[in-house]
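Colleague: A predicted structure for the sequence below; I have some questions about it.
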Amino acid sequence: MKRENFKSRLGFILVSAGCAIGIGNVWRFPTITGENGGGVFVLFYLLSLICMGIPILTMELAVGRAGRASAGAAYRKLEPAGTKWHWHGWACLIGCVVLMMYYTTVNGWMISYFVKFLTGTFEGLNADQVPQVFGQMLADPMEMGFWMVLTVIAGFIVCSFGLQKGLERISKWMMIALLVLIVVLAVHSLTLPGAGEGLSFYLLPDWDRAMEQGIGNVIVAAMNQSFFTLSLGIGAMEIFGSYMTRDHALAGEAARICVLDTFVAVCSGLIIFPACFTFGVSPDSGPSLIFQTLPNVFTNIAGGRVWGALFFVFMTFASFSTVLAVFENIIACAMDMFGVTRKQASIGGVFAMILLGLPCVLGYNVWSGFAPLGEGTAVLDLEDFIVSNLLLPLGSIVYLLFCVSRWGWGFDNYIKEANDGQGAKLPRALKPYFQFVLPILILVILVQGLIPYVARLL
């Protein structure tokens, strides 16, 4: 069967960026930027993207484009005879499935809050009552389960139509709408009274604040964010390489994806910090920011019901674009590994992901007594830990070693594939950096991610 290709270069960039752009851009990037010295952190983040994110992204894309298949099948085509690199294909599939086991629930939260703002749920509620809406939603397995199931069904329906007619067509318009929405929301936020103070805290370099955190900690935080924002290591990006043409070299395409991802992350802070400083609320990280702090802000501004609805449409698009991209990977893996059709993989995926998504839903209510990572944690935290702290960094090391070591595909094959086409080329002089420095940087991220959990166990 002939491999599908993206209909346009724009489609590839928007779909790939949609995979990278997600909830972490909105509820993580602005907060850690503010905590780590504003512009100081942004500087180190951009350097980390150039030094780590773009190189590893080109490796995933190169494996996909050269192998013309999902991770496992691509490894099998490219690996030296007798080696077992293709085993990592199973880890990629597992990583994508575990990611969707909780990401579909979180997408459901976004849809639920969009509907709540649209229908006026928050009107008339005081500052103490607004945050309670989130707790009420978590306590209701039927409500959460409904939105999770809707997300799964909608995602697989879109992907069932194929790459061009389904994923590319829907993601392209959704991403364009997302970019328009974020600009509109950011411009509105900049008109608030606290905009100047919020922007100063967010983006101006504050070396005193950075020194308080420790420059080393700021650099590690930047490395972490630049790495995790691209969802590298589980084949989520590799699959889009398999659909690429050879018209353009990979370094430039990877850079464009990173620019779009960073644009959304930075603009998210332009929305959040002026609003928080205007109303004197703390821009806490995580779900509390999105579902407790910001709804309170929206209820205090003129037209808050409309602005709240628009914000959660934006959040829904940001998270659902990732859902579609990862579902496409799961479908492609099933087709390559088990020989099923796209329709069969989509139908099977619906039932499998609904079943596998239930533990995350139930972890906040029926199974709320289960705290897998210590007091205050839920099933979602365990699933996120497995993906973010284990499978992403370990998987990236596998891709890296496969592309640069003589026991894998090898640097010569990788650099030839990466530089095939028009655009920026990767210099061969980077070989020692890729072979000896980059693996150490990823190991630092892996260890830093595990230290808090190991310390908690001890």
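Modeller: Yep, it's here.
Colleague: rest of the way, CA atoms for contacts and neighbours
Modeller: OK.
Colleague: could I get stretch 9-24 in PDB with only the CA atoms?
Modeller: Presented in PDB, the C-alpha positions along stretch 9-24 are these (Å, rounded to 0.1, in the frame of the first residue of the first chain):
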ATOM      1  CA  ARG A   9       3.900  21.800   3.700                       C
ATOM      2  CA  LEU A  10       1.700  24.000   5.800                       C
ATOM      3  CA  GLY A  11      -0.400  21.000   6.800                       C
ATOM      4  CA  PHE A  12       2.700  19.100   8.000                       C
ATOM      5  CA  ILE A  13       3.900  22.100  10.100                       C
ATOM      6  CA  LEU A  14       0.500  22.800  11.600                       C
ATOM      7  CA  VAL A  15      -0.300  19.200  12.400                       C
ATOM      8  CA  SER A  16       3.200  18.600  13.900                       C
ATOM      9  CA  ALA A  17       3.000  21.800  15.900                       C
ATOM     10  CA  GLY A  18      -0.400  20.800  17.100                       C
ATOM     11  CA  CYS A  19       1.100  17.700  18.500                       C
ATOM     12  CA  ALA A  20       3.700  19.700  20.400                       C
ATOM     13  CA  ILE A  21       1.200  22.500  21.500                       C
ATOM     14  CA  GLY A  22      -0.800  21.300  24.400                       C
ATOM     15  CA  ILE A  23      -1.900  22.000  28.000                       C
ATOM     16  CA  GLY A  24       1.800  22.300  29.100                       C
END
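Colleague: make 24 the starting number, not 1.
Modeller: All right, first residue 24 from here; so that's stretch 32-47.
Colleague: how about that stretch: buried residues?
Modeller: Across stretch 32-47, burial judged by 16 or more other Cα atoms under 10 Å covers 34-47.
Colleague: with stretch 418-438 instead?
Modeller: Neighbour-count burial for stretch 418-438 flags 418-427, 431-434, 436-438 (criterion: 16+ other Cα under 10 Å).
Colleague: same question, stretch 203-216
Modeller: 204-206, 208-209, 211-213, 215.
Colleague: ok, residues contacting that stretch?
Modeller: Stretch 203-216 is contacted from outside by 218-219, 287, 290-291, 293-295, 297-298, 301, 330, 333-334, 337, using Cα atoms under 8 Å, 6 or more residues apart in numbering.
Colleague: same question, stretch 459-475
Modeller: With contact meaning Cα under 8 Å, 6+ apart, stretch 459-475 is reached by 75, 243, 246-247, 412-413, 416-417, 419-420, 423.
Colleague: swap in 10 Å and give it another go.
Modeller: Identification of contacts with stretch 459-475 by Cα atoms under 10 Å, 6 or more residues apart in numbering yields 71, 74-75, 78-79, 240, 243-244, 246-248, 250-251, 408, 411-417, 419-421, 423-424, 427, 454-457, 477, 480-481.
Colleague: out of the residues you listed, which are buried?
Modeller: Here, 16+ other Cα under 10 Å leaves 71, 74-75, 78-79, 243-244, 246-248, 250-251, 408, 411-417, 419-421, 423-424, 427, 454, 457 buried among these.
Colleague: where do the helices of the stretch 24-173 of the chain begin and end?
Modeller: Chain-ordered helices for the stretch 24-173 of the chain, with DSSP state H, counting those that start in this stretch as the definition, fall at 32-43, 46-50, 52-58, 62-71, 77-90, 94-101, 110-142, 152-161, 164-183.
Colleague: just the mean pLDDT for the shortest one, thanks.
Modeller: Model confidence over helix 46-50, given as mean pLDDT, is 82.
Colleague: list the helices and strands it packs on?
Modeller: Helix 46-50 sits against helix 52-58, helix 110-142, helix 238-251, helix 273-301, helix 310-311, helix 327-361, with contacts defined as 3 or more Cα pairs under 10 Å, 6 or more residues apart in numbering; DSSP states H and E.
Colleague: okay if I get these as TSV plus distance to G472?
Modeller: What follows is the helices and strands packed on helix 46-50, written out as TSV (distance: least, Cα to Cα, whole Å):
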stretch	distance to G472
helix 52-58	15
helix 110-142	17
helix 238-251	9
helix 273-301	21
helix 310-311	20
helix 327-361	23
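Colleague: which of these has the lowest mean pLDDT?
Modeller: Sorting those by mean pLDDT places helix 310-311 lowest, at a mean of 80.
Colleague: can you tell me what sits against it?
Modeller: With contacts defined as Cα under 10 Å, 6+ apart, helix 310-311 is touched by 46, 50-51, 129, 132, 154, 157, 316-318.
Colleague: isn't G309 right next to D404, touching?
Modeller: No - counting by Cα atoms under 10 Å, G309 sits too far from D404 to count as a contact (11.6 Å).
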